[in-house]
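> Sequence plus the predicted model coming up.
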Amino acid sequence: MKMLMFHTDFVEYEPVEREGRVFEEAETGRRRFEDVILALTTVEEGDDETTVNKAVSELKDYSSKIGNRRVLIYPYAHLSNNLATPEKALETLRILREKCRAEGMEVYTSPFGWTKALSLSVKGHPLAEQFRSISPGATGAGYVPKALMMEEKIRSFWYILTPSGELVPVESFDFSGYDGLRALATYEMAKSRAVSEIPPHVDLMKRLEIADYEPGSDLGNMRWPAKGRLIKSLIEQYVTEKVIEYGGMEIETPIMYDIRHSCLESYLNRFPARQYVVKSDDREFFLRFAACFGQFLMAHDMQISYRHLPVRLYELTRYSFRREKSGELVGLKRLRAFTMPDVHALCADIQQAKEEALRRFDLSVGVLEGIGLTKDDYEMAIRFTRDFYESNRDFVVDLVRRFGKPALVEMWEERFFYFVLKWEFNFIDNLRKASALSTDQIDVENAERYGITYVDQFGNKRHPIILHCSPSGAIERVVYALLEKAYRIYKEGGKPMLPVWLSPTQVRLIPVSDKFVEDCILLCEKLETERIRADVDDRLETVEKKVRDAETEWVPYVIVFGKKEKESNVFQVRDRASNSIRQMTVEELVYEVSSKSAGKPYKKLSLPKRLSQRPSFR
RNA sequence: GCCCCGGUAGCUUAGCCCGGUAUAGCGGCGGCCUUGUAAGCCGCAGGCCGCGGGUUCGAAUCCCGCCCGGGGCUCCA
């Protein structure tokens, strides 16, 4: 819909003759309106109730801005080359008039379907002329897909499923001893994601120079200084290695897709998330909110035999984009641009899908474990349709048994989404808010939508079942979980830290005077050849100050280096994890750090070894 | 969209009620100290007190408008 609005001294029109088969009855003669808003209105193809509502609020807005509630809605076919049918246009205009009246505006009309003589006088202030282009899609408030609107209509039934297979309605489950699960249930059933306090990780991510807000970007698009980039990059690399070990084939796909692409358009409407839209000439592209599109479009073109199944495609998206509501965005918990490992598995049938899903469940538990999050840190939610549950009860119970703790169940009477089952691991933070980490879904719809097929043993083309899994969840969110966990430990009286393999500095060397700086540099280089990140605090500060700074930076191993160390080669190592000072040789230290990082990727810290050479990012 | 709170140095912040152009810490810079396991000492620089207007002899402070941020409501994988 297009609307050209004028704040006028007066408008006069006179119906001259009817134009087509669709028209409204009209009195002949001249009509005059003083001091009204004239809204020349064009109804376009695709306009619906949403468009009308937006138009009403635009009109209302304008009317209150200029302090005039008298509006003349004037049908005007010349603002678009993509007109709705006359029947549709007239109906839409009628709804528009009614809604404007209901909003308290004084609405005047001119008849649809007539050639009219028109004269007007527009007031001479800057707001007197306004144009609005309103579409159900990209512009303005953004694209709100049908799935999102449908969500509120879904009826959910909530249960707790125990590892022994008991399905208990949530209200009669005894939560004593299951604090995290209680928090998850409360959080999920309330469906509220708004943030009321600032969670502790926000302060930590800034102070530790891990991540920060970028005022020059949109909300929820973060910047990552050197230490944060290292941590994030190591986790990315680790997850990728684990997925490749599991059998994922790593690929890369574009970040933006044509909004009018036939498969994507209908998928957009089935996926409950808001999109960023990029305009380029006359085309509109949405930024991907998951890796699905790229992988599905690729799978569509692949030649797949039943012998290849399950086919596992993997991509780590940097980034995926979702225009989450501003009130939900805080720190690293929920972002508008995030890094998402996403592995799809194409499976022959439901039987194979179930087997594969169990493998991926174990993969997810293993990945989180490697990152430093155990089952004590998260709770499982599992969602499915009643049909699926009734015919696959053993499988569902098997998932919960593998998890080993009762899980929250959301059951739907009907299938609203493209999946029949979905599970996630939810991290519970210090404010008792939940957010999903690992997840997997059993998708029974998209293979057909995207034309993805495999050939079975009889030569027939079939649509596979697709599993969608993120074994860790968004990488940023993993960092959030690690920081929140560290804070929890701190609150309970422990020393907060990151796992050794993720600590930007693993070993900090503190020379007692500048005479020992060179020795420290040498030792530092030796440690580096053993793939250990070490640095030297050569600043002109006291030893006490440097120890304190190393502690507030969460450095796992700190060595004060002086005459004794130079002579004996034995160190008093301040070990953060055990909160004690341990006597160790270089070899013992190397062995300990290496074993704590075993099986994990290694990367150098891209900051100068000498702390005196390091700028602060804050 | 509506409601509440906020915006003072790179960061954290005092002052605002009750008008007299601003406080401190961290960080930065310079100097002294050459250091043994959680903050050594001294000094210096750094401020359109969010923006615009008003009241006043005089505004960070009072009034009006706006902008930005946070939160609430609403909405919501």
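Now that the structure is in, tell me what you want to look at.
> Surely A:His18 and A:Phe112 touch.
Not His; residue A:18 is Arg. No - A:Arg18 is beyond contact range of A:Phe112, at 10.2 Å (criterion: CB atoms under 8 Å). C-betas here are computed from N, CA, C, even on glycine.
> Which one's more surrounded, these two?
Higher neighbour count among A:Arg18 and A:Phe112: A:Phe112, with 21 against 14, using other CB atoms under 10 Å.
> How about the contacts made by that one?
By CB atoms under 8 Å, 6 or more residues apart in numbering, A:Phe112 lies in contact with A:Val22, A:Phe23, A:Glu24, A:Pro75, A:Pro86, A:Ala89, A:Leu90, A:Leu93.
> Show me what from the stretch 451-600 of chain A comes close to RNA strand B.
Residues of the stretch 451-600 of chain A lying close to RNA strand B by CB under 7 Å from any atom of the strand are A:495, A:512-515, A:540-545, A:547-548, A:551-552, A:558-565, A:572, A:574, A:581.
> what about A:Asp443, distance to A:Phe293?
13 Å (CB to CB, to the nearest Å).
> Could you do A:Arg97 as well?
A:Arg97 is 40 Å from A:Phe293, by CB to CB.
> what do you get for A:Ala84?
30 Å.
> ok, now A:Arg94?
Distance of A:Arg94 to A:Phe293, computed by CB to CB: 39 Å.
> Comparing those two, which residue is more hemmed in?
Of the pair A:Arg94 and A:Phe293, A:Phe293 is the one with more neighbours under other CB under 10 Å, namely 22 against 14.
> Now the more buried one: phi and psi?
With angles defined as degrees, to the nearest 10, A:Phe293 sits at phi -50, psi -50.
> Which residue, other than its chain neighbours, is closest to it?
Leaving out its chain neighbours, the residue that sits closest to A:Phe293 by CB to CB, 6 or more residues apart in numbering is A:Tyr257, at 5.2 Å.
> Confirm that neighbour sits in a strand?
Yes - applying DSSP: H, G, I helix; E, B strand; the rest coil, one finds A:Tyr257 inside a strand.
> Might one say that it is in contact with A:Phe286?
Yes - with contact defined as CB under 8 Å, A:Tyr257 counts as touching A:Phe286 (6.1 Å).
> quick one: which helix or strand includes A:Lys116?
According to DSSP states H and E, A:Lys116 maps onto strand A:114-122.
> brain fart, A:Leu408
strand A:407-412.
> Can you give the distance of that strand from its chain's centre?
Distance, stretch centre to chain centre, for strand A:407-412: 22 Å (CA atoms, centre = their mean, to the nearest Å).
> Give me the buried subset of the residues of the stretch 451-600 of chain A next to RNA strand B.
Among these, the ones that count as buried by 16 or more other CB atoms under 10 Å are A:Val512, A:Val547, A:Val558, A:Ile559, A:Val560, A:Phe561, A:Gly562, A:Glu565, A:Arg574.
> Beta-bridge partners for the nearest residue to the last one once chain neighbours are set aside, please?
Spelled out, that is A:Arg574. The shortest distance from A:Arg574 to any residue other than its chain neighbours is 4.0 Å, reached at A:Val558 (CB to CB, 6+ apart). Residues in a beta bridge with A:Val558, per DSSP bridges, are A:Arg508, A:Arg574.
> Now do A:Val558, the pLDDT please.
Here the pLDDT value assigned to A:Val558 is 97.
> And A:Arg618, by the same measure?
A:Arg618 carries a pLDDT score of 79 in this model.
> and it, how many neighbours?
Neighbour count of A:Arg618, defined by other CB under 10 Å: 8.
> average pLDDT for the helix or strand where A:Glu592 lies?
Element membership for A:Glu592 (DSSP H and E) is helix A:586-596. Averaged over helix A:586-596, pLDDT sits at 96.
> For A:Leu96, give me its contacts.
By CB under 8 Å, 6+ apart, the contact set of A:Leu96 is A:Thr41, A:Val52, A:Ala55, A:Val56, A:Ile73.
> Ok, A:Ile210 next?
So A:Ile210 contacts A:Leu204, A:Trp224, A:Pro225, A:Lys227, A:Gly228, A:Ile231, A:Val479, A:Leu483 (CB under 8 Å, 6+ apart).
> all helices of the stretch 251-400 of chain A, in order?
A:262-268, A:292-301, A:350-371, A:386-391, A:393-403 (DSSP state H, counting those that start in this stretch).
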